[in-house]
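Asker: give the three-dimensional model of this entry:
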Amino acid sequence: MCWSAKIRISTLIVLLAAVCSAPGAGQLFQPGPEEPSCAGQPKGTACWKELESHPSCYVWTSRLRQGATVTWSAGCVGGLAQGTGTLTWKWASGDYEVTGFLRAGKQHGHWVLRDVNGTVAEGPYVYGEKTGRWIERFANGNVGEGPYVNSKAHGRWIFRLADGRVQEVPYVDGKKHGRWVERSLNGQVNEGPWVAGERHGRWVFRSPDGSTETLTFVNGEPQ
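Answerer: Prediction:
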């Protein structure tokens, strides 16, 4: 046998040995301390939720809802939901469906969400977190569009309301923060600053007739 063939065979043996001796090889996934199971966790926790439709199979949620259950229309691999399908979440106050691709139990790529109230939202996930530009359409005709980072609104959002108003809303880490502007069809313009989710600072209200009013807010309270 030539040396090149011997080297290829030796390399293959080493690779096979490494795969067979890898930690957890042949075992089902189990949540750990860094990414825990949702069992016993408070609402809002990022955790692994066991599927009601697939016992011992898990899907990642970045925000646990208390008393929620979830089913998956596709399959599981090694204890993690996998493939393209629909997740159906149910809890006391309502339920919703999201359709897209799961990679090792985490939402990844383009997803579409539909809830019982008629809201339809779509945009990208990156390994279980909303990341990138989303568009959200509400049953009342309002439409919002803007970026998420790690499942929190972050950056400039535009809301087009059913009555014709357009709002420019800046977010930082999920909270309104920065200069907010609202324009109405009749020419009314309202603008002012938000700080960490509360109106804070000098607001200006410009009427269609050209008159202007100002109002100062401190931590959300008018002065």
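
Asker: alpha carbons only for contacts and neighbour counts from here, please
Answerer: OK.

Asker: surely residue 119 and residue 137 touch.
Answerer: Yes: the criterion here is C-alpha atoms under 8 Å, and residue 119 meets it with residue 137 at 5.7 Å.

Asker: residue 151 and residue 134 touch, don't they?
Answerer: No: checked against C-alpha under 8 Å, the pair residue 151 and residue 134 is beyond contact range at 10.6 Å.

Asker: between these two, which one's more packed in?
Answerer: It is residue 134, of residue 151 and residue 134, that has more neighbours when counted by other C-alpha atoms under 10 Å, with 21 against 18.

Asker: right, and the helix or strand after the lengthiest strand in the chain?
Answerer: Using DSSP state E to define each element, the chain has its longest strand at strand 80-91. Counting by DSSP states H and E, the next helix or strand C-terminal to strand 80-91 is strand 94-103.

Asker: show me what that following strand is packed up against.
Answerer: strand 80-91, strand 109-115 (3 or more C-alpha pairs under 8 Å, 6 or more residues apart in numbering; DSSP states H and E).

Asker: pairing partners for whatever helix or strand comes next after it, with directions?
Answerer: Downstream of strand 94-103, the next assigned helix or strand under DSSP H and E is strand 106-107. Using DSSP bridges, the strands paired with strand 106-107 in its sheet are strand 94-103 (antiparallel).

Asker: now the partner strand: buried residues?
Answerer: For strand 94-103, burial by neighbour count (16 or more other C-alpha atoms under 10 Å) applies to 95, 96, 97, 98, 99, 100, 101, 102, 103.

Asker: pLDDT and distance to residue 179 added to these, as CSV?
Answerer: Shown next, in CSV, are the buried residues of strand 94-103 (pLDDT from 0 to 100; distance: C-alpha to C-alpha, whole Å):
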residue, pLDDT, distance to residue 179
95, 89, 34
96, 92, 33
97, 96, 34
98, 96, 33
99, 98, 35
100, 98, 35
101, 98, 36
102, 98, 37
103, 97, 38
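
Asker: let's have those in a markdown table, adding distance to residue 71.
Answerer: Below are those laid out as a markdown table (distance: C-alpha to C-alpha, whole Å):
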| residue | distance to residue 71 |
| --- | --- |
| 95 | 11 |
| 96 | 11 |
| 97 | 10 |
| 98 | 11 |
| 99 | 12 |
| 100 | 14 |
| 101 | 14 |
| 102 | 13 |
| 103 | 16 |
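
Asker: confirm that residue 27 sits in a helix.
Answerer: No: assigned with DSSP: H, G, I helix; E, B strand; the rest coil, residue 27 falls outside any helix and is coil.

Asker: give me the neighbour count for it.
Answerer: Applying other C-alpha under 10 Å, I find that residue 27 has 9 neighbouring residues.

Asker: and residue 211, by the same measure?
Answerer: 9.

Asker: look up the pLDDT of the residue nearest to residue 161 when sequence neighbours are not counted for me, please.
Answerer: Among residues not flanking residue 161 along the chain, residue 142 sits closest, at 4.4 Å (C-alpha to C-alpha, 6 or more residues apart in numbering). We have a pLDDT of 98 for residue 142.

Asker: for residue 158, see how far away residue 142 is.
Answerer: 11 Å (C-alpha to C-alpha, to the nearest Å).

Asker: and what of residue 100?
Answerer: Taken as C-alpha to C-alpha, the span from residue 100 to residue 158 is 25 Å.

Asker: residue 124: helix or strand, and which one exactly?
Answerer: strand 120-126.
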